[in-house]
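Novice: the sequence isn't on hand, but the structure is:
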């Protein structure tokens, strides 16, 4: 696409967007999923239907300087910015809406950071411990921020598999399911990693958990259960084949398997540090026999998340067509499960350090969008007293499991706010894929 064309991105959909006003259980307006790119001056059509409702449909935009829509749903982008398109019944009883971002340029690279279990209070606690004040972690100053809902198809409280699937595919699935249509027809759901690989981009998965764990699995595998580790490894190696696989080893995956699949494979820190990113198209780093150690327990035996991020970027940037990279701070969640504030904070700070590595790499570049978010909150953490920098804050925990607390989303590198207004974890997929439709 020629430079300067304006693209219209619909960033806030799952499969269908439903919105019901307060008049009981009568039929809703159904607004078709719409993610098509629109050039300035051209028109595209959004479709809507009103089952069992014999009323005319009225269309309108909340900001016609950005986008206009005709009576029949023909939509035109007019200028960069954000707008909401509404469709409602003639009597105003039924309404649906979609959120629209008009942007000028398409990014070459997408970096997605997921802090597993990292809710707002985990971020707050880490900022207080590191800097003495909340709101002080580097990603909290990003240009665009929002909160995100995380519920799964069968529960108000998601697990990592269902939430990561929502982010990776745009679909809600049951807890425990890895990028497979359950509920649904049990088909494999194309992930954003697979989508962008088909666009010619290199891809990578980096995590502090074992590499076959739920969050990375949902971007590169398709299974009915997150514990099918052997099958997840096989899906990586024989299916999605990310260029980079960095994380804990020996859970369903082996060095011999990745070597047989033509991955240059390492398992020690020294060998990892000596990888020449110009020499290998596929690289697997498998450390230890499970998750990587907590930072407070062992920060030296294996590369930390920052070092893995730096190496992944060095490898992936050799692709002139760009890349997609997922980086997970996976052990924030584990610390939350055991209500360990020291480890929660240390893992969150290391997660921030990895983001700093990515921001340093992005310095001077204008072709990369970086998104930071979480799959869910873990532990029901609440910061009670700020005891100053370098001293653990006083906190309370409400559970040893996940909660339904909305999690933060932060974006850097996008000229417009691609995460504005009501935002759900399924929208992460469309926020990224809409750039390339």
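Specialist: Looks like it came in fine. The model shown is predicted, which means the values in this text are computed figures rather than measured ones.
Novice: for stretch 276-288, what is the distance to the chain centroid?
Specialist: Relative to its chain's centre, stretch 276-288 lies at 24 Å (CA atoms, centre = their mean, to the nearest Å).
Novice: distance between the ends of it?
Specialist: One end of stretch 276-288 to the other measures 22 Å (CA to CA, to the nearest Å).
Novice: what's in contact with it?
Specialist: Residues outside stretch 276-288 that contact it (CB atoms under 8 Å, 6 or more residues apart in numbering): 211, 241, 243-250, 253-255, 258, 261-269, 272, 275, 301-303, 308, 311, 314-315, 317-318. Just so you know, the C-beta spots here come from the backbone N, C-alpha and C atoms, and that holds for glycine as well.
Novice: show me what counts as buried in that stretch.
Specialist: For stretch 276-288, the neighbour count (16 or more other CB atoms under 10 Å) marks 277, 280, 282, 283, 284, 285, 286, 287, 288 as buried.
Novice: quick check: mean pLDDT across it?
Specialist: In this model, stretch 276-288 has an average pLDDT of 97.
Novice: hmm, back to that, which ones among the buried residues of stretch 276-288 map onto strands?
Specialist: 283, 284, 285, 286, 287 (DSSP state E).
Novice: list the contacts for the spatially closest residue to residue 67 that is not a sequence neighbour?
Specialist: In this structure, residue 67 finds its nearest non-sequential neighbour in residue 83, 4.6 Å apart by CB to CB, 6 or more residues apart in numbering. Applying CB under 8 Å, 6+ apart to residue 83 gives the contacts 61, 62, 63, 64, 66, 67, 99, 100, 102.
Novice: any idea which helix or strand comes after the helix or strand harbouring residue 83?
Specialist: Using DSSP states H and E, residue 83 sits in strand 81-89. Next along the chain after strand 81-89, taking DSSP H and E as the criterion, comes strand 95-103.
Novice: what angle sits between that following strand and strand 81-89?
Specialist: Strand 95-103 runs at 160 degrees relative to strand 81-89, counting by axes from the mean of the first three to the mean of the last three CA atoms, to 10 degrees.
Novice: name the helices or strands packed onto strand 95-103?
Specialist: With contacts taken as 3 or more CB pairs under 8 Å, 6 or more residues apart in numbering; DSSP states H and E, strand 95-103 sits against strand 7-10, strand 16-19, strand 29-32, strand 74-77, strand 81-89.
Novice: state the next helix or strand along the chain beyond that strand.
Specialist: strand 109-115.
Novice: domains for the protein, by residue range?
Specialist: What the record gives for the chain is the domain set 7-103, 109-436, from automatic domain parsing.
Novice: where do the helices sit along the stretch 201-350 of the chain?
Specialist: Using DSSP state H, counting those that start in this stretch, the helices of the stretch 201-350 of the chain run over 214-220, 229-235, 255-260, 269-273, 305-316, 331-337, 341-362.
Novice: which one of those helices is the most hemmed in?
Specialist: Comparing the helices of the stretch 201-350 of the chain by mean neighbour count (mean count of other CB atoms under 10 Å), helix 214-220 comes out on top with a mean of 30.
Novice: give me the contact list for it.
Specialist: Here helix 214-220 has contacts from 114, 116, 159-161, 164-165, 167-169, 178-179, 191-194, 203, 205-207, 209, 223, 226, 232, 235-236, 239-240, 242, 247, 326, 328, 330, 375, using CB under 8 Å, 6+ apart.
Novice: filter those residues down to the buried ones, ChimeraX style.
Specialist: In ChimeraX, a selection of the buried entries from those looks like this (16+ other CB under 10 Å):
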select :114,116,159,160,161,164,165,167,168,169,178,179,191,192,193,194,203,205,206,207,209,223,226,232,235,236,240,242,247,326,328,330,375
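Novice: just list whatever residues bridge to the residue nearest to residue 67.
Specialist: Residue 83 forms beta bridges with residue 100, as assigned by DSSP bridges.
Novice: with the one 5 residues further on instead?
Specialist: Beta-bridge pairing of residue 88, defined through DSSP bridges, involves residue 58, residue 95.
Novice: so where is this structure shaky, pLDDT-wise?
Specialist: Low-confidence segments of the chain (pLDDT under 70): 1-54.
Novice: re earlier: please pick the buried ones from the contacts of stretch 276-288.
Specialist: Buried among these (16+ other CB under 10 Å): 211, 241, 243-250, 253, 258, 261, 263-266, 269, 272, 275, 302-303, 308, 311, 315, 317.
Novice: which ones are touching residue 132?
Specialist: 386, 388, 389.
Novice: just those residues now: which is nearest residue 91?
Specialist: Checking those against residue 91 with CB to CB, the nearest one is residue 386 at 52.2 Å.
Novice: you'd agree that closest one is up against residue 127?
Specialist: No. The criterion here is CB atoms under 8 Å, and residue 386 misses it with residue 127 at 9.7 Å.
Novice: which one's more surrounded, the two?
Specialist: Taking neighbours as other CB atoms under 10 Å, residue 386 and residue 127 compare with residue 127 leading, 25 against 17.
Novice: ok so the more buried one is a helix residue?
Specialist: Yes. With DSSP: H, G, I helix; E, B strand; the rest coil as the criterion, residue 127 is part of a helix.
Novice: excluding chain neighbours, what is closest to it?
Specialist: Per CB to CB, 6+ apart, closest to residue 127 is residue 136, 4.2 Å.
Novice: mind checking how far the one you found is from residue 226?
Specialist: 34 Å (CB to CB, to the nearest Å).
Novice: do residue 172 as well
Specialist: If you go by CB to CB, the gap between residue 172 and residue 226 works out to 16 Å.
Novice: cool, residue 139 as well?
Specialist: Applying CB to CB to residue 139 and residue 226 gives a distance of 27 Å.
Novice: could you count how many residues lie near residue 56?
Specialist: There are 10 residues near residue 56, going by other CB under 10 Å.
Novice: what is the burial count for the residue nearest to it when sequence neighbours are not counted?
Specialist: Excluding the flanking residues, the one nearest residue 56 by CB to CB, 6+ apart is residue 90, at 4.5 Å. Neighbourhood size, residue 90 [other CB under 10 Å]: 13.
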